[in-house]
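S.K.: Give me a model of this one.
(chains A, B, C and D)
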Protein chains: 2
Amino acid sequence: MRYKAGLETRDKILEATRSRVAAAGLDGTTIKAICDEAGILPGSFYNLFDSKEEAVLAVVRQAIDAVDPDPDHQGTDTLAELVEAYIAFITTQGDLARVYIRLALSGVGDNAEFKGRVMRHHQGRVSRFSSAIGREHPEMAEAETQRRAETLVSALNGIALHRVMDPDFDVAVHARGLLTDALTGVS
Amino acid sequence: MRYKAGLETRDKILEATRSRVAAAGLDGTTIKAICDEAGILPGSFYNLFDSKEEAVLAVVRQAIDAVDPDPDHQGTDTLAELVEAYIAFITTQGDLARVYIRLALSGVGDNAEFKGRVMRHHQGRVSRFSSAIGREHPEMAEAETQRRAETLVSALNGIALHRVMDPDFDVAVHARGLLTDALTGVS
DNA sequence: TTCAAATTAGAGTCAATACTCAAATATCAG
DNA sequence: CTGATATTTGAGTATTGACTCTAATTTGAA
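M.R.: Purely as a prediction, here's the structure:
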């Protein structure tokens, strides 16, 4: 293979970018930090990427893809499966989970760049959850499944956000609790 | 009053800082942006604050204080009241709500500066919620009220996070739903 | 082994950043 | 009105950021 070295360097860069974005955020990540962690120099970076943005975007795509596994099961998955998949993502994909949460927040302010992407992704997730609820509860109106899906997806993100700050936080227990308990107390 | 002008300038700076932090984040906020929005020059800024960090911290404190109103009601508030207070905060305090959510994420990475502060604040909120649940459900074990409070506070933050990105998101409906529905579908 | 293409090195550019400081101006007590 | 003090000005410093470019080095096909 002709371009092997270049591709290996590219992988090292992406790995370093993922780690830095997880730790410092989409904007807080610097070329120097990426290069230091990847063990290369800026010149090499710019042989393989046109800009910092390009590397960051690649990592953002990785994170988004990792959240929604098996898009082929789209029309058949159960709500419990979707929740378990999210639990697994958050607990086993440390850096990518951090990137994902960083991303969710990048849509907050001026950052129009990512905002559309984040919103589209969120819509997709909500409708997947909504379909699963509808399949399990055919008597429920669509507006109602939609509403519950929106609440659930947002709540799960809140749980992920907290876990990312506190590694001892038990994502599984809290996420599953959302499915079975109303939080006021009556089970 | 002798130092009136200075105090007014200080207020303008804090207002501008709040707006910028809400839009660009704790780190993304620049002195220039603050000064432009406040209609002053950097020299004036440094007459009233020792550093950018100091102004940002002042705003962060405002946000934290605004989330937990009436600390005197501490031992008597109901869960519904706490949730309604949070709904009101998110829906009526636009910029401060954005600052609050920004803050929640600043504890994620290297940023040890804010991490402790965020965690302490979160602990306080959870125990306030937990007490309210315990008061309304004396039969419930403390570990259980604690667990539910943790889930609820995290879930509410997730809802706030989404609302901050999408102004049409109906915080009230979704937050109240957490209290009454298990999200799997059975009401 | 050779040589052209692929890859890396590392110094250098330009803009933006946080922060400083001496001089100019506004304010107000006496 | 006057002078001391509070306040603002705006140009300046040192640092760090993303990104560029040319020369050196490595690689692999012939």
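
S.K.: So is the helix or strand harbouring residue A:63 next to DNA strand D?
M.R.: Using DSSP states H and E, residue A:63 maps to helix A:52-67. Yes - Helix A:52-67 reaches DNA strand D (C-beta under 7 Å from any atom of the strand) through A:52-53. Every C-beta, even on glycine, is put in place using the N, C-alpha and C of the backbone.

S.K.: in that helix, what counts as buried?
M.R.: Neighbour-count burial for helix A:52-67, counted by 16 or more other C-beta atoms under 10 Å in any protein chain shown, picks out A:52, A:55-57, A:59-60, A:62-64, A:67.

S.K.: who's in contact with it?
M.R.: Contacts to helix A:52-67, defined as C-beta atoms under 8 Å, 6 or more residues apart in numbering or on different chains, come from residues A:13-14, A:17-18, A:21, A:26, A:29, A:31, A:34, A:45, A:49, A:86, A:89, A:93, A:96-97, A:99-100, A:103, A:114, A:117, A:121, A:125.

S.K.: quick one: the residue in chain A that DNA strand C sits nearest to and residue A:56, what's the gap?
M.R.: Chain A approaches DNA strand C most closely through residue A:43 (1.9 Å), counting by C-beta to the nearest atom of the strand. From residue A:43 over to residue A:56 the distance is 19 Å, taken as C-beta to C-beta, to the nearest Å.

S.K.: likewise residue A:129?
M.R.: 28 Å.

S.K.: Mind splitting chain A into its structural domains?
M.R.: A:1-55, A:68-187 (automatic domain parsing).

S.K.: Quick check: which of those is buried the most?
M.R.: By mean neighbour count, with neighbours taken as mean count of other C-beta atoms under 10 Å in any protein chain shown, domain A:68-187 ranks first of those at a mean of 19.

S.K.: Tell me if that domain is near DNA strand D.
M.R.: No - with C-beta under 7 Å from any atom of the strand as the criterion, DNA strand D is not reached by domain A:68-187; the gap is at least 12.7 Å.

S.K.: Give me the contact status of that domain with DNA strand C.
M.R.: No - using C-beta under 7 Å from any atom of the strand, domain A:68-187 stays clear of DNA strand C, with a minimum separation of 12.2 Å.

S.K.: So which elements touch the least confident helix or strand in chain A by mean pLDDT?
M.R.: Ranked by mean pLDDT, DSSP states H and E, the helix or strand of chain A with the weakest confidence is helix A:4-28, at a mean of 87. Packing partners of helix A:4-28 (3 or more C-beta pairs under 8 Å, 6 or more residues apart in numbering or on different chains; DSSP states H and E): helix A:31-38, helix A:42-48, helix A:52-67, helix A:94-106, helix B:4-28.

S.K.: repeat that for 6 Å
M.R.: helix A:31-38, helix A:52-67, helix A:94-106 (3 or more C-beta pairs under 6 Å, 6 or more residues apart in numbering or on different chains; DSSP states H and E).

S.K.: Redo the ones you listed as a markdown table? Include mean pLDDT.
M.R.: Converted to a markdown table, the helices and strands packed on helix A:4-28 look like this (pLDDT from 0 to 100):
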| stretch | mean pLDDT |
| --- | --- |
| helix A:31-38 | 94 |
| helix A:52-67 | 93 |
| helix A:94-106 | 90 |
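
S.K.: So which of these is nearest residue B:133?
M.R.: helix A:94-106 (26.7 Å; C-beta to C-beta).

S.K.: List of residues touching the closest one?
M.R.: A:18-19, A:21-22, A:25-26, A:59-60, A:63, A:66-67, A:90, A:114, A:160-161, A:164, B:105 (C-beta atoms under 6 Å, 6 or more residues apart in numbering or on different chains).

S.K.: what does stretch A:21-36 give?
M.R.: A:16-17, A:20, A:41-42, A:45, A:52, A:56, A:59, A:95, A:98-99, A:102, A:106, B:27-28, B:109-110.

S.K.: How about stretch A:117-127 and chain B, touching?
M.R.: No - using C-beta under 6 Å from any C-beta of the partner chain, stretch A:117-127 never reaches chain B; the gap is at least 6.8 Å.

S.K.: Go ahead and flag the most central residue of chain A.
M.R.: residue A:100 (3.2 Å; C-alpha atoms, centre = their mean).
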